[in-house]
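> dropping a prediction and its sequence here:
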Amino acid sequence: CQSNTTQFEALRQFQFRAGDENFCLMFVSLVPILSDEQKTKPTQHGVRDLRSLGLSPKVIFCRCPIPLAQKCKEKGGNIPLSKLNRGKRFW
């Protein structure tokens, strides 16, 4: 959709104008449960899609109906965050 592209571009330009120390992009992702297994692919794809638009989240929040399994936390921990590697993850 054109309006979404415009909004993402505005965010991308704003992050450069504001500077890294004044801009914090946060990503909220659902970790669905399919066949009794928590899936992290939607989070990985969401971060990848943001990066393709020139945006890199510093913080990733994962939502799930039940507490995240250690295996999911480890998978999510492999998602690189901001360029300066100062990102945080909240499970």
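Thanks, I have it. Residues are numbered from 1 along each chain as shown.
> the closest residue to residue 38 other than its chain neighbours sits in which helix or strand?
Distances taken as CB to CB, 6 or more residues apart in numbering place residue 72 nearest to residue 38, at 4.7 Å, with adjacent residues excluded. Using the backbone N, CA and C atoms, a C-beta is placed for each residue, glycine as well. According to DSSP states H and E, residue 72 maps onto helix 70-77.
> which other residues reach that helix?
Helix 70-77 is contacted from outside by 31, 38, 40, 43, 44, 60, 62, 64, 68, 89, 91, using CB atoms under 8 Å, 6 or more residues apart in numbering.
> which one of the residues you listed has the most neighbours?
residue 43 (24 neighbours; other CB atoms under 10 Å).
> doesn't that residue lie inside a strand?
No. Judged by DSSP: H, G, I helix; E, B strand; the rest coil, residue 43 forms no part of a strand; its state is helix.
> who's the residue nearest to it when sequence neighbours are not counted bridged to?
Counting by CB to CB, 6+ apart, residue 29 is the residue found nearest to residue 43 once chain neighbours are left out, at 4.0 Å. Per DSSP bridges, residues listed as beta-bridge partners of residue 29: residue 62.
> sec struct for the spatially most central residue of the chain, please.
Residue closest to the average C-alpha location in the chain (CA atoms, centre = their mean): residue 27, at 3.9 Å. Look at residue 27: counting by three-state DSSP, its state is strand.
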